[in-house]
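Colleague: After the sequence you'll find the predicted model.
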Amino acid sequence: MSTVIPMEHDEHVITQSLLPWYARGQLDDAEMREVQAHLAHCPACQAELAAERPMRRLLDLATPPTTSAEAGLARLRKRMAAEARAPGRRSWIPWALGLQGAAIAGLLGLVLLPTLQPAAVFHGLSAAPAAHGATVEALIMFKPGSTEAAVRAALLAHGASIVSGPTESGAYHLRLAADPAVLTALRAEAPVALLESLEARK
Amino acid sequence: MQGWLKPRKTAAPAPEKAGHGLPESVELQLLAGIRHGRRADFDTLYRLYHPRITRFLVHLLRDAELVDEVLDDTLMVVWQRATSFDGRSKLSTWIFGIAYRKAMKAVARFDSPLPDEDQDARTDPGPGPEQQFGLGQLRERLQQALGELSMDHRAVVELCYFQDMSHAEIAAVVGCPTETVKTRMFYARRRLRGLLADLGETE
């Protein structure tokens, strides 16, 4: 835990206000360099970065129980129907409401199937199970111009798999063995520009 | 140590990140359908956004009835005013922005701070060994910490940690400068970080 006292233009404040996005690879290049430069020499802010994963897990406890989308949709449909009957509604609403009924189910199937497929494929490719044993998550960025083959070879060589990404700044979430040597070895691979563990500690 | 925060079942898949929905192009196709009054497209978009908007509003409003009301208000706007989306932001930014403004209005209408008073009989168990904390108590302390944050601060935490939005996207949703988002994050994070430290997650 940092004991930093917040002050305007304080480097620690600037860094810590950006850390959650840094950990997700969502900063632009200038901000990312700024955070990296500060982290390089600030153990307090390094500890704050390490706390990002436990923070996320802590906040997960506040996740509300899931409510039914279908119940919500049914409630909203009633309201939509009521508002459609009210004067002053646009003329296409009654027509659209006419679509309700058995045909909707078929239409929905047609709409859902093709749209859901890309997500399913993406999931299948990206959510490769980690090798057995303890794993950690890390953030990785590749050097511009790296080939897919080089990236794949580097990840395979160290048993790392991509969990998600790319983020807007081009970083990927990685899962790999919870072994500092693996992290160091992967970081040394040619296509790797940046590799940071997202774990508090092992 | 962080024993209580470690995932108990390592075999279980990581929780789905709420921010990772379908590709933007698919969502925009649905919106195009909604503009033509296609209910099936609306229903699909509703199902996509229901979990995300619900959890956002639960964190923001902390009142189940109000959550349903604001959720419905938000999706009604999407249905009725789909043409007012100008495409300059992501669709999710537009929809979350509507939800945020509707939530602020709902709270202002009651003119009461935050609907959390019914829980004020709680007692603070105080810091102690982690073994003392059951899951229920952890949740309670977390809710208490979140409750001490303003709605604005909770919005920034939620949109970053759970909806995976960048600070620029969050600024667009809540309608304030990016610098303000960063400042809110600093203070909100520090408050929650204090709780984490209390729970034994110290260096």
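Modeller: On my side now, so go ahead. Values in this document were obtained by computation on a predicted structure and should not be read as measured data.
Colleague: was I right about A:Leu59 contacting B:Gln143?
Modeller: No: in this structure, A:Leu59 is not within contact of B:Gln143 by CB atoms under 8 Å, at 11.1 Å. Where you see a C-beta, it was placed from the backbone N, CA and C, and this is true even at glycine.
Colleague: helix/strand/coil for the nearest residue to A:Ala171 once chain neighbours are set aside?
Modeller: In this structure, A:Ala171 finds its nearest non-sequential neighbour in A:Gly25, 2.6 Å apart by CB to CB, 6 or more residues apart in numbering or on different chains. With DSSP: H, G, I helix; E, B strand; the rest coil as the basis, A:Gly25 sits in coil.
Colleague: So, low pLDDT: which residues of chain A?
Modeller: Residue ranges of chain A with pLDDT under 70: A:1-9, A:86-132, A:167-170, A:199-202.
Colleague: do that again at 80, thanks
Modeller: Low-confidence segments of chain A (pLDDT under 80): A:1-9, A:62-66, A:84-133, A:137-139, A:143-144, A:164-172, A:193-194, A:196-202.
Colleague: would you list every one of the helices in chain B?
Modeller: According to DSSP state H, chain B carries its helices in the segments B:24-35, B:39-61, B:64-80, B:91-110, B:135-148, B:151-161, B:167-174, B:178-198.
Colleague: can you give me the angle the second one makes with helix B:135-148?
Modeller: Inter-element angle recorded for helix B:39-61 and helix B:135-148: 90 degrees (by axes from the mean of the first three to the mean of the last three CA atoms, to 10 degrees).
Colleague: swap in the shortest one?
Modeller: Inter-element angle recorded for helix B:167-174 and helix B:135-148: 70 degrees (by the same axes, to 10 degrees).
Colleague: Using a markdown table, lay out the helices of chain B together with mean neighbour count.
Modeller: Converted to a markdown table, the helices of chain B look like this (neighbours: other CB atoms under 10 Å in any protein chain shown):
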| stretch | mean neighbour count |
| --- | --- |
| helix B:24-35 | 17 |
| helix B:39-61 | 22 |
| helix B:64-80 | 19 |
| helix B:91-110 | 19 |
| helix B:135-148 | 16 |
| helix B:151-161 | 23 |
| helix B:167-174 | 22 |
| helix B:178-198 | 19 |
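Colleague: A:His173 falls within a helix, correct?
Modeller: No: if the criterion is three-state DSSP, then A:His173 is strand and not within a helix.
Colleague: can you count the residues close to it?
Modeller: If you count neighbours by other CB atoms under 10 Å in any protein chain shown, A:His173 ends up with 22.
Colleague: Chain A: strands as residue ranges?
Modeller: Assigned by DSSP state E, the strands in chain A fall at A:135-142, A:161-164, A:172-177, A:192-197.
Colleague: Kindly reformat those as CSV containing distance to B:Thr54.
Modeller: Shown next, in CSV, are these (distance: least, CB to CB, whole Å):
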stretch, distance to B:Thr54
strand A:135-142, 26
strand A:161-164, 22
strand A:172-177, 25
strand A:192-197, 33
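Colleague: hmm, back to that, out of the helices of chain B, nearest to A:Trp21?
Modeller: Of all those, it is helix B:167-174 that lies closest to A:Trp21, at 5.7 Å by CB to CB.
Colleague: circling back: of the helices of chain B, which shows the lowest average pLDDT?
Modeller: The stretch with the lowest mean pLDDT among the helices of chain B is helix B:135-148, at a mean of 86.
Colleague: right, is it up against chain A?
Modeller: Yes: counting by CB under 8 Å from any CB of the partner chain, chain A is contacted by helix B:135-148 at B:135, B:138-139, B:142-143, B:146.
Colleague: what's the angle from that helix to helix B:151-161?
Modeller: 120 degrees.
Colleague: Just checking the distance from helix B:135-148 to the centre of its chain.
Modeller: 16 Å (CA atoms, centre = their mean, to the nearest Å).
Colleague: Which residue ranges make up each domain of chain B?
Modeller: As given by automatic domain parsing, the domain ranges for chain B are B:1-117, B:129-203.
Colleague: Output those domains in a markdown table, with distance to A:Glu137 appended to each entry.
Modeller: Output for the domains of chain B, formatted as a markdown table (distance: least, CB to CB, whole Å):
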| stretch | distance to A:Glu137 |
| --- | --- |
| domain B:1-117 | 8 |
| domain B:129-203 | 14 |
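Colleague: Just send the strands of chain A back as CSV, with distance to chain B too.
Modeller: Output for those, formatted as CSV (distance: least, CB to the nearest CB, whole Å):
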stretch, distance to chain B
strand A:135-142, 8
strand A:161-164, 6
strand A:172-177, 8
strand A:192-197, 15
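Colleague: before we move on, back to that, which member of the residues of helix B:135-148 next to chain A is positioned nearest A:Val136?
Modeller: B:Leu138 (23.1 Å).
Colleague: Name the nearest residue to that closest one, ignoring sequence neighbours.
Modeller: If the residues on either side of it in the chain are set aside, B:Leu138 comes closest to A:Leu61, at 5.6 Å by CB to CB, 6+ apart.
Colleague: picking that back up, ok, the residue nearest to A:Ala171 touching A:Leu174?
Modeller: No: contact between A:Gly25 and A:Leu174 fails when scored by CB under 8 Å: they sit 10.8 Å apart.
Colleague: Now the common contact residues for these two.
Modeller: Common neighbours of A:Gly25 and A:Leu174, using CB atoms under 8 Å, 6 or more residues apart in numbering or on different chains, are A:Leu139.
Colleague: The two - which one has more neighbours?
Modeller: Per other CB under 10 Å, whichever of A:Gly25 and A:Leu174 has more neighbours is A:Leu174, with 26 against 22.
Colleague: show me what contacts the more buried one?
Modeller: If you count contacts by CB under 8 Å, 6+ apart, then A:Leu174 has A:137-140, A:155, A:160-163, A:195 around it.
Colleague: Can you select the buried ones from those in ChimeraX?
Modeller: Those of those that count as buried under 16 or more other CB atoms under 10 Å in any protein chain shown are selected in ChimeraX with:
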select /A:137,138,139,140,155,160,161,162,163,195
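Colleague: Point to the residue nearest the middle of chain B.
Modeller: Nearest residue to the geometric centre of chain B (CA atoms, centre = their mean): B:Phe56, 2.6 Å.
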